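J.: Got a predicted model here, sequence first, then my questions.
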Amino acid sequence: MITCILRYIIDPYKLKEFEHYARLWIPLIRKFGGQHHGCFLPAEGANNVALMLFSFPSLALYEDYRTRSFEDPECLAAFKYAEETRCIVSYERSFFRPVFD
């Protein structure tokens, strides 16, 4: 299993727009075989950092999702929404593998 953690720098004045964007991705990740663990919005502390976590059974399946997302109409609409609202300033993507007891 591979877990992707997206760390977003968001426009704090466009939190509502970013939350809408984040909600768009929950069913899209599932559509492509991933498990969405949620989006975490600012509450206390920094008001411009949000996290999104989701997992795929393997890095190969994640890469397949990424390739297919650039051709999927719903994903393209989500990308366009973020671009039009400019709610995301920047983001970084990191990958982790879980260790279970």
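T.: Yep, it's here. Residues are numbered from 1 along each chain as shown.
J.: Tell me which helix or strand comes right after the helix ranked longest in the chain.
T.: Counting residues, the longest helix found in the chain (DSSP state H) is helix 15-31. Sequence-wise, the next helix or strand downstream of helix 15-31 (DSSP states H and E) is strand 35-40.
J.: can you give me the angle that following strand makes with helix 15-31?
T.: Interaxial angle, strand 35-40 versus helix 15-31 (axes from the mean of the first three to the mean of the last three Cα atoms, to 10 degrees): 170 degrees.
J.: Remind me what strand 35-40 packs against, helices and strands.
T.: Strand 35-40 makes packing contacts with helix 15-31, strand 49-56 when contacts are defined by 3 or more Cβ pairs under 8 Å, 6 or more residues apart in numbering; DSSP states H and E. In short, each C-beta sits where N, CA and C put it, glycine included.
J.: circling back: list the buried ones in the longest helix of the chain?
T.: Residues of helix 15-31 classed as buried by neighbour count (16 or more other Cβ atoms under 10 Å): 15, 17-18, 21-22, 24-25, 28-29.
J.: Could you say which one of the helices and strands packed on strand 35-40 comes nearest to residue 93?
T.: Of all the helices and strands packed on strand 35-40, it is strand 49-56 that lies closest to residue 93, at 9.7 Å by Cβ to Cβ.
J.: for residue 69, what are its contacts?
T.: Residues near residue 69 by Cβ atoms under 8 Å, 6 or more residues apart in numbering: 28, 32, 75.
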